[in-house]
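J.: Here is my input, please return the structure:
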Amino acid sequence: MRVLKRRAFTVACAGASLVPGACFDRPYYERNDKQKAFLDGLMALTKPALESNNPLKVEDAARRSLALAAQVGAFADWYGILRTIEGNAQTVAITIEIGPQISLFAFNDWALAMAGSLAEFFSTRSRESAPPGLSDQAIAALKVLNLGQHVKLSGRMGEIAGSGLFDLGRLFGKSDADNRQFLQVPRFVARIVALVSAND
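T.: Reported below is the predicted structural model:
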């Protein structure tokens, strides 16, 4: 019986061999163990809270998700998909999907960031110069990357040019709707230091 099962598995993989790595390839967001641990931690917080329909649990899960991101600090060789590029070399803002509906947002211009959904939060901070969220190397890499392309990235969660982790609780702690929206599609601010094609 064990031989039959082994043969069945071999045949199944042989049939799937038309798709490279079909039997053994992991999703891009599970290729880095630390990235997978972060995403698993988020899932453990968000799924039960959203399913509970309890606004207190949703609020607590949103705050704990932000705390979890704060604990990540520096990260290296995470995998993602480049979803958006806005602005130009001076005002660039990008979004990289690092898991199912989970993104990192990095930007070099506070005015551009304030034009989006983070406007109210960022308007509470006074800055005279735009702290870059992308290194020169990362900006150079963007010139040869395409939207939807798989990328490998390194940086620091929540840090824009040494400014430290933002108090995003101000943004997400206002209402059940805000917290719920964040848990459904989490987006974290990050500084991107290195960015390359995942195929390199």
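J.: How about stretch 63-78, which residues are buried there?
T.: 63-66, 68-69, 72, 75, 78 (16 or more other C-beta atoms under 10 Å). Every C-beta, even on glycine, is put in place using the N, C-alpha and C of the backbone.
J.: will you turn these into a markdown table that also has distance to residue 89 and pLDDT?
T.: Written out in a markdown table, the entries for those read as follows (distance: C-beta to C-beta, whole Å; pLDDT from 0 to 100):
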| residue | distance to residue 89 | pLDDT |
| --- | --- | --- |
| 63 | 36 | 88 |
| 64 | 37 | 93 |
| 65 | 32 | 92 |
| 66 | 30 | 87 |
| 68 | 33 | 93 |
| 69 | 27 | 91 |
| 72 | 28 | 93 |
| 75 | 24 | 97 |
| 78 | 24 | 98 |
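J.: Shouldn't residue 75 be within a strand?
T.: Yes. Secondary structure assignment (DSSP: H, G, I helix; E, B strand; the rest coil) places residue 75 inside a strand.
J.: So what sits opposite it in the bridge?
T.: residue 155 (DSSP bridges).
J.: quick one: which of the buried residues of stretch 63-78 is nearest to residue 25?
T.: Of all the buried residues of stretch 63-78, the one with the least separation from residue 25 (C-beta to C-beta) is residue 78, at 17.3 Å.
J.: In space, what's closest to that closest one - neighbours in sequence excluded?
T.: residue 35 (4.5 Å; C-beta to C-beta, 6 or more residues apart in numbering).
J.: Let me know the secondary structure of the one you found.
T.: Going by three-state DSSP, the secondary structure assigned to residue 35 is helix.
J.: and residue 42, what is it in contact with?
T.: Applying C-beta atoms under 8 Å, 6 or more residues apart in numbering to residue 42 gives the contacts 65, 68, 99, 102, 186.
J.: quick one: low-confidence ranges for the protein?
T.: By pLDDT under 70, the low-scoring segments of the chain are 1-24, 110-131, 159-174, 200.
J.: can you give me the helices for it?
T.: Here the chain has its helices, by DSSP state H, at 2-16, 33-52, 55-72, 110-114, 119-122, 136-142, 169-172, 176-184.
J.: picking that back up, mind putting the contacts of residue 42 into TSV with distance to residue 92?
T.: Output for the contacts of residue 42, formatted as TSV (distance: C-beta to C-beta, whole Å):
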residue	distance to residue 92
65	26
68	27
99	23
102	21
186	22
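J.: Tell me how this protein divides into domains.
T.: Taking automatic domain parsing as the domain assignment, the ranges for the chain are 1-26, 31-197.
J.: How many neighbouring residues does residue 140 have?
T.: Using other C-beta atoms under 10 Å as the criterion, residue 140 is surrounded by 12 other residues.
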